[in-house]
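Enquirer: with the sequence up front, the predicted model follows.
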Amino acid sequence: MAITEALERRFDFEGHDTDLRTELVAGVTTFLAMSYIVVVNPAILAEAIEIPGYEQGEVFQMIAIATILASAIGTLVMALYANRPFGLAPGMGLNAFFAFTVVISLGIPWQTALAAVFVEGILFIVITAVGARKRIIELFPEPVKFAVGAGIGVFLLFIGLQEIGIVVADDSTLVTLGSVASNPSAVLGVAGLALTLVLWTRGVTGAIVFGILSTTVVAWALTLANAVSAGTLVPEDAAAAVRSGGAAGFVSDAQFDISPLAGAFVEGLRDVDPLTFALVVFTFFFVDFFDTAGTLIGVAQFGGFLDEDGDLPEIEKPLMADAVGTTAGAILGTSTVTTYIESSTGVEEGGRTGFTALVVAGLFLLSLPVVPLISAIPTYASFIALVVVGVIMFQGVVDIDWHDPAWSVSAALTITVMPLTYSIAEGLAAGIISYPVVMAANGDAGDVRLGQWVIAAALVGYFYVQTSGMLAGAV
């Protein structure tokens, strides 16, 4: 009882209109929604990271351990320093850029790529400490701030529908309706999604958690009963391990010695080409800056944390958590750590304080001894959460003045460019660039702040670097 009261005081449950049970459920929900990163991040980075004397499976587990530790560190700072219910982990998109563009395509050593992430993290710590990051985010146009939530909602929907198998790639139209009826995992995913939406509509606490776990249980039950072949509803290697040795056979020994990976960034700082290194740092910096800003604002809007100007009070604190997480991640051996859009699943369950984040961090650490167990949750099951929250986040569009040209253009671009480019940062950048241009065209250039023009110009430069092939030419 004394511990509960101490937690209530420490995280100010009463002031945030929440309680211990709600925060616990919210933390579990967020963790389940983002736990896929423990498997996905190593799968991506292991394509680029090769360590002499170690097999790829061992490198995979090293990166998984680094992913868990970096996520826990960043999320702990978010919990204890920022007191916000946001989870952090190595960012999707940024890890792909790290592996496939920087290391594989450009031929830059993975140690040098980690060094670039480390430098980026240090830069973030410095500019966050002096308040520069907060002031830049406050310069974001109002319509962009209010559109971010809906944009993230569309993005979440798009990701979730793809992972479940409802939306698939198509050579003619890029995307189309998948063959759901002939795809067992899609059928089960749709059933799990329907159950989750019904429970959420009925106001059931923990609806998203129940939807994910019930879908996972049914998938494993059908697999172990031989109703479907291994690999159809659950990962094939996981099913094989369970069938051969039971649950114990599934939890193999993890590669906990990450010394060949941790600290490798130091080697990457030696003998670097200044121009190439600067361009890589520049790209990491811009993508992470705007990706994190967009996620924080979007999830904060969803949770009702924003003030009347569309700003998140004391935003420098969650920004510092992101900066510390990125720096720690680079030291441990993983790509840029950022705030996760999946945090919105916990916010939807009522998470309002850092205790939600503390639960997420704790669950990450608890997963260390049983790293393989994380893959027991099929990807399509965990992504049910994204579809549900994506639908809910559409409510943000009501705050946009669609009759004002500057608002409608910048908001529409923010919302649509995010899913179409698969990047929160790109959508945010499109909205920020378009706002002063449309304002000027409408005769309202005097109402545009100088800082907004500067940010727009900087983003044009970022887009040029990203799309001109300059990075490849510098190598």
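Expert: Cool, the structure landed.

Enquirer: residue ranges with poor pLDDT in the protein?
Expert: Residues of the chain meeting the criterion pLDDT under 70: 1, 205, 237-238, 241, 243-255, 372-375, 471-475.

Enquirer: center of it, which residue is that?
Expert: Tyr340 (3.2 Å; Cα atoms, centre = their mean).

Enquirer: which residues are in contact with that residue?
Expert: Contacts for Tyr340 (Cβ atoms under 8 Å, 6 or more residues apart in numbering) come out as Thr30, Met34, Ile37, Phe86, Gly87, Leu88, Ala89, Gly91, Thr295. For every residue, glycine as well, the C-beta is placed using N, CA and C.

Enquirer: greatest separation within those: which pair is it?
Expert: Thr30 and Gly91 (15.5 Å; Cβ to Cβ).

Enquirer: out of the contacts of Tyr340, who's nearest Val359?
Expert: Looking across those and measuring by Cβ to Cβ, the closest to Val359 is Thr30, at 7.9 Å.

Enquirer: related to what we said a few turns ago, buried subset of the contacts of Tyr340, written for PyMOL?
Expert: PyMOL command restricting the contacts of Tyr340 to the buried ones, with burial defined by 16 or more other Cβ atoms under 10 Å:
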select buried, resi 30+34+37+86+87+88+89+91+295
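
Enquirer: dump the contacts of Tyr340 into a markdown table; add secondary structure as well.
Expert: Shown next, in a markdown table, are these (DSSP: H, G, I helix; E, B strand; the rest coil):
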| residue | secondary structure |
| --- | --- |
| Thr30 | helix |
| Met34 | helix |
| Ile37 | helix |
| Phe86 | coil |
| Gly87 | coil |
| Leu88 | strand |
| Ala89 | strand |
| Gly91 | coil |
| Thr295 | helix |
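
Enquirer: from Ala429, how far out is Val460?
Expert: Distance of Val460 to Ala429, computed by Cβ to Cβ, to the nearest Å: 9 Å.

Enquirer: what about these two, which has more around it?
Expert: Taking other Cβ atoms under 10 Å, Val460 and Ala429 do not tie; Ala429 has more neighbours (28 against 11).

Enquirer: just to be sure, the more buried one is in a helix?
Expert: Yes. Membership of Ala429 in a helix is supported by three-state DSSP.

Enquirer: the closest residue to it other than its chain neighbours: helix or strand, and which one exactly?
Expert: Closest residue in space to Ala429, ignoring its immediate chain neighbours: Leu459 at 4.5 Å, by Cβ to Cβ, 6 or more residues apart in numbering. In this structure, Leu459 is located in helix 450-467 according to DSSP states H and E.

Enquirer: contact partners of that helix?
Expert: Here helix 450-467 has contacts from 135-136, 139-141, 279, 282-283, 286, 290, 429, 432-433, 435-437, 470-471, using Cβ under 8 Å, 6+ apart.

Enquirer: check which residues of that helix are buried.
Expert: By neighbour count on 16+ other Cβ under 10 Å, the buried set for helix 450-467 is Gln452, Trp453, Ile455, Ala456, Leu459, Tyr462, Gln466.

Enquirer: need those residues in TSV (columns: distance to Gln61).
Expert: Converted to TSV, the buried residues of helix 450-467 look like this (distance: Cβ to Cβ, whole Å):
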residue	distance to Gln61
Gln452	46
Trp453	48
Ile455	41
Ala456	44
Leu459	38
Tyr462	35
Gln466	33
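
Enquirer: from these, pick the one nearest Ser214.
Expert: Gln466 (41.5 Å).

Enquirer: for the stretch 351-475 of the chain, what spans make up the strands?
Expert: Applying DSSP state E, counting those that start in this stretch to the stretch 351-475 of the chain gives no strands.

Enquirer: tell me where it has helices.
Expert: Assigned by DSSP state H, counting those that start in this stretch, the helices in the stretch 351-475 of the chain fall at 354-366, 379-382, 384-392, 405-421, 424-441, 450-467, 470-474.

Enquirer: list the contacts for Glu348?
Expert: So Glu348 contacts Thr29, Ile208, Phe302, Val388, Val389, Ile392 (Cβ under 8 Å, 6+ apart).

Enquirer: okay, those in a markdown table with distance to Gln56 and neighbour count next?
Expert: Shown next, in a markdown table, are the contacts of Glu348 (distance: Cβ to Cβ, whole Å; neighbours: other Cβ atoms under 10 Å):
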| residue | distance to Gln56 | neighbour count |
| --- | --- | --- |
| Thr29 | 33 | 32 |
| Ile208 | 34 | 28 |
| Phe302 | 39 | 24 |
| Val388 | 35 | 25 |
| Val389 | 34 | 29 |
| Ile392 | 39 | 18 |
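
Enquirer: which one among those gets closest to Pro405?
Expert: Distances from Pro405 to the contacts of Glu348, taken by Cβ to Cβ, are shortest for Phe302, at 26.3 Å.

Enquirer: now do that closest one against Thr67, distance only.
Expert: Computed as Cβ to Cβ, the Phe302 to Thr67 distance reads 26 Å.

Enquirer: equivalent analysis for Val359, please.
Expert: Applying Cβ to Cβ to Val359 and Thr67 gives a distance of 18 Å.

Enquirer: more neighbours: which of the two?
Expert: Neighbours were counted for Val359 and for Thr67 using other Cβ under 10 Å; Thr67 has more, 28 against 25.

Enquirer: just checking, the more buried one touches Pro90?
Expert: Yes. In this structure, Thr67 is within contact of Pro90 by Cβ atoms under 8 Å, at 5.7 Å.

Enquirer: tell me the residues that contact both of those two, please.
Expert: Common contact partners of Thr67 and Pro90 (Cβ under 8 Å, 6+ apart): Ile37, Asn41, Thr334.

Enquirer: would TSV of those with distance to Thr421 be doable?
Expert: Shown next, in TSV, are the shared contacts of Thr67 and Pro90 (distance: Cβ to Cβ, whole Å):
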residue	distance to Thr421
Ile37	21
Asn41	21
Thr334	24
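
Enquirer: closest to Phe146 among the residues you listed?
Expert: Nearest to Phe146 among the shared contacts of Thr67 and Pro90, counting by Cβ to Cβ, is Ile37 at 28.4 Å.

Enquirer: separation between that closest one and Leu157?
Expert: In terms of Cβ to Cβ, Ile37 sits 19 Å off from Leu157.

Enquirer: what are the ranges of the strands in the chain?
Expert: Using DSSP state E, the strands of the chain run over 88-90, 167-170, 174-177, 337-339.

Enquirer: deepest-packed of the ones you listed, please.
Expert: Using mean count of other Cβ atoms under 10 Å, the stretch among those with the largest mean neighbour count is strand 88-90, at a mean of 31.
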